[in-house]
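Q: give me a model of this one.
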Amino acid sequence: MHNRSFLSRFGARGERSRAPKSTDPLRWSGILLATILVGCDSESNQSGVALGSGVSQSGNRPPVIRQAVVFPTPLTLSGPIAVQVEADDAGRNPLTFRYQWFVNEHRVDGETHPMLSPALLKLGDKVEVEIIAADGQTSGKPYRTEPAIVGNTPPEVVKVSIESTGSNRSNMHALVEGVDVDQDAIHYAYRWWRNGTLVAGGDTATLDTGVFSRGDSITVEVIPRDAGGVGKSKLSEPVALANNAPKITSHPPSKFDKGVFVYSVQAIDDDKDSLKYML
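A: Just a heads-up that it's a prediction; the model follows:
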């Protein structure tokens, strides 16, 4: 092929090929060598780039994934698991990605999306995802993320409310519903607020409101925790203290006074309301 390339260069229109006028053998060999090299370059370009260059026949370079990370970090089961990918494409083509998730080094069938449901995982699992980037013409090499280990997921307060524990509103009790995806025991701490001011805190779910006034706004903040850590707190809806019923503090006499039953009633009202009596 190279000889034909050389002859076609110096023997046009079917004329018999002749050597150049110069008889310098060094010059002749230099021309021949240059022609062979040009022929080799032309031949290799017919199929793109030499084998092993990572370039397609059209000259397009495949995209390269620079980094991919599974998050959240640290990995917990309080929400969806996802992967964040950074990739480059020399041709600036739009990229698409293919995903395959692995748990404890086993392929999870059907999990080929950028997000993974936490319901498929448990404490201590090792999570990885393999990603392949494509630019519409060619695909890059597979990229496997560093393993992410599922750590402790703190408990969560699902619902909290306040109720009165008796016939009056002298005591308020917090009702709490919580969940721990790791099935750990949940402990709660309480912070009680009156009209926006912190008035009590600790592990007790009950607040004495006997000295408070009618109309005071009461809220409770609940903080969950397990052996592995503290979860996010949740605040109840405010409860306005209703009217507190008055209480009779005196005791009736046990005998008549000169044939007449006399009873001087004494009562108190936490709300300082004026009292009326009915016999």
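Q: doesn't T219 belong to a helix?
A: No. Assigned with DSSP: H, G, I helix; E, B strand; the rest coil, T219 falls outside any helix and is strand.
Q: gap between it and V199?
A: In this structure, T219 and V199 are 10 Å apart, going by Cβ to Cβ, to the nearest Å. (C-beta placed from N, C-alpha, C; glycine too.)
Q: check contacts around P253.
A: Contacts for P253 (Cβ atoms under 8 Å, 6 or more residues apart in numbering) come out as 261-263.
Q: any idea which element it lies in?
A: Using DSSP states H and E, P253 sits within no helix or strand.
Q: how many other residues sit next to L279?
A: Applying other Cβ atoms under 10 Å, we find 4 residues neighbouring L279.
Q: picking up where we left off before, may I see the contacts of P253 organised as CSV, with pLDDT, secondary structure and neighbour count added?
A: Listed next are the contacts of P253 as CSV, based on pLDDT from 0 to 100; DSSP: H, G, I helix; E, B strand; the rest coil; neighbours: other Cβ atoms under 10 Å:
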residue, pLDDT, secondary structure, neighbour count
F261, 90, coil, 9
V262, 90, coil, 9
Y263, 90, coil, 11
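Q: closest one of the residues you listed to K234?
A: Y263 (50.6 Å; Cβ to Cβ).
Q: quick one: pLDDT of the closest residue to the closest one other than its chain neighbours?
A: Of all residues not flanking Y263 in the chain, P252 sits nearest, at 4.8 Å (Cβ to Cβ, 6 or more residues apart in numbering). In this model, P252 is scored at 92, pLDDT.
Q: P252 against V262, yeah?
A: No. Contact criterion Cβ atoms under 8 Å: P252 and V262 do not qualify, at 9.7 Å.
Q: nearest to I131, of the contacts of P253?
A: Closest to I131, out of all of the contacts of P253 and judged by Cβ to Cβ, is Y263, at 87.2 Å.
Q: now do the contacts for that closest one.
A: Neighbouring residues of Y263 by Cβ under 8 Å, 6+ apart: 250, 252-253.
Q: any idea how far the closest residue to V262 other than its chain neighbours is from P246?
A: Leaving out its chain neighbours, the residue that sits closest to V262 by Cβ to Cβ, 6+ apart is P253, at 6.9 Å. Distance, P253 to P246, using Cβ to Cβ: 21 Å.
Q: repeat that for P238.
A: Taken as Cβ to Cβ, the span from P238 to P246 is 25 Å.
Q: which of these two has more neighbours?
A: Between P238 and P246, counted using other Cβ under 10 Å, P246 has the larger neighbour count: 17 against 14.
Q: spatially, what comes nearest to the more buried one if we skip its sequence neighbours?
A: Of all residues not flanking P246 in the chain, D269 sits nearest, at 4.1 Å (Cβ to Cβ, 6+ apart).
Q: could you look up the SS state of A119?
A: Using three-state DSSP, the secondary structure recorded for A119 is helix.
Q: tell me how far A245 lies from D269.
A: Where D269 is concerned, A245 sits at a distance of 8 Å (Cβ to Cβ).
Q: now do the end-to-end distance for stretch 174-190.
A: This stretch, stretch 174-190, spans 9 Å end to end (Cα to Cα, to the nearest Å).
Q: state the mean pLDDT of it.
A: Mean predicted lDDT for stretch 174-190 stands at 97.
Q: need the contact partners of that stretch.
A: So stretch 174-190 is in contact with 77-78, 118, 122-123, 152-163, 200-206, 220-228, 236, going by Cβ under 8 Å, 6+ apart.
Q: cool, stretch 138-150 as well?
A: So stretch 138-150 is contacted by 56, 60, 62-65, 68-70, 73, 75-77, 83, 87, 121-134 (Cβ under 8 Å, 6+ apart).
Q: how far away is N244 from R194?
A: 15 Å.
Q: try S250
A: According to Cβ to Cβ, S250 and R194 sit 31 Å apart.
Q: one step back: how far away is the residue nearest to P246 from T249?
A: 11 Å.
Q: of those two, which one has the most company?
A: In this view D269 and T249 are compared by other Cβ under 10 Å, and D269 has more residues nearby, 14 against 9.
Q: next, the distance between the ends of stretch 171-191.
A: 15 Å.
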